[in-house]
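Student: no sequence on this one, just coordinates:
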DNA sequence: GAGTACATGTAAAACGTTACATGATTGC
DNA sequence: GCAATCATGTAACGTTTTACATGTACTC
């Protein structure tokens, strides 16, 4: 049986307070999107499972005629959450990267095509960077305690910047080959 | 219908010449492991599919009593390979990162626990870095054309270094909080 | 009245890993 | 003889996305 990470992601969000499935989806999209995502097809069945496991409770509320199913974490859920938080990180297996896969097969393409591939990728990185800046500006400031949200965003910034630099280096490298080494 | 990237990964490897399923698995593990991976459960069924699609042919060979099923790319396969190589890159959706997920939930932990999380992650990065160095030393040199394998490895190096730096910065940042801002 | 956001869910398909099964050859 | 490597594959299971279905409330 594999560790179901989605279950713990939901649990972690419920640690901030009661949420509906819809709320959770919104929150993940708005604040965790640079390192996490869940679809409704994952969220609703997993919330149901959380209740079955006794890790959360479900209450029905009627807010202005509209029914909302509110999930609240239980004591047991909190225990399970802390267990997960303190268990060793699983060793990171490198992600699949389609751009690198194509680049690896680069001798089947022209040098100019490979350079274009890298340039396109760099442009994608620049878009991501601007999204990160937008998120950064929306981030609040909590005095006296570490800004965890800001830290996770900083991670993305560092990585995107490193990739951008790598792209620029490779573009120059390939450029030289195009003009006869 | 989702794009089956595995199919194109196999096709790309067949562009280097005929391979068996076993060969392909070896090659991916040894040379593409920093940005790609495939299990036998993907490779063998997809090779079968490649033949069904007419993108590869299968020949049985007996090498010293041992039977080997050798897959060779067809003309159609080469066309499909080039189509894929030249189609626009799909926009990169950020990967799930369990360390960042846990860090995001950091206010439920002590500052020291969060610092430990980041330190552990940094140690994992350092292991990866040393694996990359090993791979780098095994890489051959092809004069006169761009070293695509080396370029893909450089990508990993840049990213790992950026992450390591980020970790160090965050460790210092949290350290300060521990000693009263 | 129409469109957007709120709100919940399921079913099918696709994607991917792991464990298992099988058997030959090579090197010690 | 035994272990490691070569070699091929499947079945079960788990994960994840996508498309669909349904209905309310709010704003223009």
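Tutor: Yes, it's here. This one's a predicted model, so the numbers in the text were calculated from it and none came from an experiment.
Student: Any idea which residue of chain A lies closest to DNA strand C?
Tutor: Nearest residue of chain A to DNA strand C (C-beta to the nearest atom of the strand) works out as residue A:22 at 3.1 Å. (Glycine included, C-beta is placed from N, CA and C.)
Student: For the closest residue to that residue other than its chain neighbours, list each beta-bridge partner.
Tutor: In space, and not counting its chain neighbours, residue A:22 is closest to residue A:68: 7.9 Å by C-beta to C-beta, 6 or more residues apart in numbering or on different chains. Following DSSP bridges, residue A:68 is listed with bridge partners residue A:61.
Student: surely residue A:68 meets residue A:61?
Tutor: Yes - using C-beta atoms under 8 Å, residue A:68 is in contact with residue A:61, at 5.0 Å.
Student: Between those two, tell me which one has more neighbours.
Tutor: Counted by other C-beta atoms under 10 Å in any protein chain shown, residue A:68 and residue A:61 do not tie: residue A:68 has more neighbours, with 16 against 11.
Student: pLDDT below threshold where in chain A?
Tutor: A:1-2, A:180-181 (pLDDT under 70).
Student: so where do the strands sit in it?
Tutor: Ranges of strands within chain A are A:56-63, A:66-73, based on DSSP state E.
Student: hmm, stretch A:40-48 touching chain B?
Tutor: No - judged by C-beta under 8 Å from any C-beta of the partner chain, stretch A:40-48 stays clear of chain B, getting no closer than 11.4 Å.
Student: Could you give the number of residues near residue A:168?
Tutor: Counted with other C-beta under 10 Å, the neighbours of residue A:168 add up to 13.
Student: give the contact list for the closest residue in space to it that isn't next to it in sequence.
Tutor: Spatially, and ignoring its direct neighbours in sequence, residue A:168 is nearest to residue A:122 (7.0 Å; C-beta to C-beta, 6+ apart). Residues in contact with residue A:122 (C-beta atoms under 8 Å, 6 or more residues apart in numbering or on different chains) are A:163, A:164, A:167, A:168, A:171.
Student: restrict those to contacts with DNA strand C.
Tutor: Among the contacts of residue A:122, proximity to DNA strand C is found for none (C-beta under 7 Å from any atom of the strand).
Student: can you put the residues you listed in TSV and add distance to residue B:17?
Tutor: As requested, the contacts of residue A:122 are arranged in TSV below (distance: C-beta to C-beta, whole Å):
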residue	distance to residue B:17
A:163	31
A:164	35
A:167	30
A:168	33
A:171	30
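Student: so of those, which ones are in helices?
Tutor: Judged by DSSP state H, these include A:163, A:164, A:167, A:168, A:171 as members of helices.
Student: most surrounded residue in those residues?
Tutor: That'd be residue A:167 among these, by other C-beta under 10 Å, with 24 neighbours.
Student: Could you check how far that residue is from residue A:179?
Tutor: 19 Å (C-beta to C-beta, to the nearest Å).
Student: Ok, residue A:25 next?
Tutor: 51 Å.
Student: More neighbours: the two, which one.
Tutor: Comparing residue A:25 with residue A:179 by other C-beta under 10 Å, the one with more neighbours is residue A:25, at 19 against 7.
Student: is it true that that one touches residue A:38?
Tutor: Yes - at 7.0 Å, residue A:25 and residue A:38 qualify as touching, with contact defined as C-beta under 8 Å.
Student: give me the residue from chain A nearest chain B.
Tutor: residue A:162 (3.4 Å; C-beta to the nearest C-beta).
Student: where along chain A do the helices fall?
Tutor: Under DSSP H, chain A gives helices at A:5-14, A:21-27, A:40-52, A:75-86, A:98-104, A:111-138, A:148-178.
Student: Out of those, the one nearest residue B:103 is which?
Tutor: helix A:148-178 (5.7 Å; C-beta to C-beta).
Student: Report the inter-axis angle for the closest one versus helix B:111-138.
Tutor: 10 degrees (axes from the mean of the first three to the mean of the last three C-alpha atoms, to 10 degrees).
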